[in-house]
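>>> with the input below, show me the fold.
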Amino acid sequence: MEHFGHGRYYAEWIPIWEVYLCQYCFGGNRPDGIVMSFPDRKEFADKLRAKGVTLRFNEQGCLIIPK
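Down below sits the predicted model:
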C-alpha cells in the first residue's frame, strides 16, 4: 500500500490497469471485486476499456481486481 500527501492517501498500484486504487475501493466493495451498481464505477470501467484493458467480472457482476 502506497502513502501519499499530508493526510496520507492509502492506495495500491494495479499495474495491468495503470491506476492506483484507494483504500476505500478495497474496503468499500466486496472482497471479490468492485461493485458496479454506481454511476462512477461505470465511468471507471469505460476508462479502463478505452485504455484497452479487458475487464473480468465475477458471478455477482463485480469487477475483479487483478492481483
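
>>> what's the separation between the residue lying closest to Gln23 once chain neighbours are set aside and Gln60?
Distances taken as C-beta to C-beta, 6 or more residues apart in numbering put Tyr10 closest to Gln23, at 4.0 Å, once the chain neighbours are dropped. (Glycine included, C-beta is placed from N, CA and C.) In this structure, Tyr10 and Gln60 are 25 Å apart, going by C-beta to C-beta, to the nearest Å.

>>> when those two are compared, which one has more neighbours?
Set Tyr10 next to Gln60 and count neighbours by other C-beta atoms under 10 Å: Tyr10 wins out with 16 against 10.

>>> so for the more buried one, what's the pLDDT?
If you check Tyr10, the pLDDT there is 78.

>>> okay, and the most centrally placed residue in the chain sits in which element?
Centroid check for the chain by C-alpha atoms, centre = their mean gives Leu21 as the closest residue, at 5.2 Å. For Leu21, the host element (DSSP states H and E) is strand 19-22.

>>> tell me the bridge partners for Glu12.
Leu21 (DSSP bridges).

>>> what about it, how many residues nearby?
Neighbour count for Glu12, taken as other C-beta under 10 Å: 14.

>>> list the buried residues for whichever helix in the chain runs longest?
Determined from DSSP state H, the single longest helix within the chain is helix 39-50. Buried residues in helix 39-50, defined by neighbour count with 16 or more other C-beta atoms under 10 Å: 41, 44-45, 48.

>>> give the buried residues for the lowest-mean-pLDDT helix or strand in the chain.
One helix or strand of the chain scores below all others by mean pLDDT, DSSP states H and E: helix 23-27, with a mean of 73. For helix 23-27, the neighbour count (16+ other C-beta under 10 Å) marks Cys25 as buried.

>>> now it, how far from the chain's geometric center?
8 Å (C-alpha atoms, centre = their mean, to the nearest Å).

>>> what's in contact with it?
1, 10-12, 34, 65 (C-beta atoms under 8 Å, 6 or more residues apart in numbering).
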